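Trainee: Here is a sequence with its predicted model. Questions after.
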Amino acid sequence: MAKNYICIWSNNKAAEMAKFYKSVFPGTKIGLKSYWGKNPMGVKEGADLTIDITIRGQKIMLLDGYHQMEFTDAISMAVPCKTQREIDTYWKKLSSGGGQPVQCGWVIDKYGIRWQVFPDQIMKWQASPNKKKRQAMNEAMWQMVKLDAKKLKAAFDGA
């Protein structure tokens with residue numbers, strides 16, 4: 001059975017996006033490409049239609065739709081990180097070239113895609129039955145733009 005995967009409307013930038021994400025995430029694979037045929041939308045026959053990429057094991061199809069579509073905060077890509085260095089690296093690369101840092105570990109890349117870059121332990125902390133620890137960690141997080149794993153852990157452990 002085929003697995004579900006994500007499709008991102010790329011506003012005629014699929015090839016550029018594929019190269020960018022390959023530079024951000026080591027091990028990213030660029031896969032199958034498909035091409036436009038004759039169409040009623042005025043897109044040149046033979047232009048890129050889709051490009052499949054795999055980022056950290058997640059397949060994503062980049063679709064060149066040739067109509068401007070905007071992204072919102074309602075959908076984001078989650079990037080759990082094992083180390084602060086990993087958080088720092090992804091944060092820097094995703095915010096490069098016109099990307100925008102956002103509160104609580106979010107960053108909007110130069111294409112408008114929303115990313116959540118966070119320490120992988122945060123899900124464990126959020127699931128803790130200890131309300132005081134969860135609250136202390138959340139309050140620390142709300143003061144941050146790029147997340148600091150040590151400060152979040154210290155807030156959680158210190159409560």
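Mentor: Right, received. Where do you want to start?
Trainee: Tell me who's in contact with the residue lying closest to Tyr66 once chain neighbours are set aside.
Mentor: For Tyr66, ignoring the flanking residues on the chain, the nearest one in space by C-beta to C-beta, 6 or more residues apart in numbering is Val43 at 5.0 Å. C-beta: built from backbone N, CA, C; applies to glycine. Contacts for Val43 (C-beta atoms under 8 Å, 6 or more residues apart in numbering) come out as 36, 64, 66.
Trainee: just the residues you listed now: which is nearest Lys92?
Mentor: Asp64 (27.4 Å; C-beta to C-beta).
Trainee: Surely that closest one touches Leu49?
Mentor: Yes - between Asp64 and Leu49 there is a contact at 6.0 Å, judged by C-beta atoms under 8 Å.
Trainee: okay, and the common contacts of those two?
Mentor: Common neighbours of Asp64 and Leu49, using C-beta under 8 Å, 6+ apart, are Trp36.
Trainee: Please produce a markdown table containing the contacts of Val43, extended by neighbour count, distance to Met141 and pLDDT.
Mentor: Converted to a markdown table, the contacts of Val43 look like this (neighbours: other C-beta atoms under 10 Å; distance: C-beta to C-beta, whole Å; pLDDT from 0 to 100):
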| residue | neighbour count | distance to Met141 | pLDDT |
| --- | --- | --- | --- |
| Trp36 | 16 | 44 | 94 |
| Asp64 | 21 | 36 | 92 |
| Tyr66 | 17 | 39 | 78 |
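Trainee: can I get the CA coordinates of the helix or strand harbouring Thr89 in PDB?
Mentor: Using DSSP states H and E, the element containing Thr89 is helix 84-94. Extracted in PDB, the C-alpha atoms of helix 84-94 (Å, rounded to 0.1, in the frame of the first residue of the first chain):
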ATOM      1  CA  GLN A  84      21.200  22.600  20.300                       C
ATOM      2  CA  ARG A  85      23.800  22.600  17.500                       C
ATOM      3  CA  GLU A  86      21.200  20.900  15.200                       C
ATOM      4  CA  ILE A  87      18.500  23.500  16.300                       C
ATOM      5  CA  ASP A  88      21.000  26.400  15.600                       C
ATOM      6  CA  THR A  89      22.000  24.900  12.200                       C
ATOM      7  CA  TYR A  90      18.400  24.400  10.900                       C
ATOM      8  CA  TRP A  91      17.300  27.700  12.300                       C
ATOM      9  CA  LYS A  92      20.100  29.600  10.500                       C
ATOM     10  CA  LYS A  93      19.600  27.800   7.200                       C
ATOM     11  CA  LEU A  94      15.800  28.000   7.200                       C
END
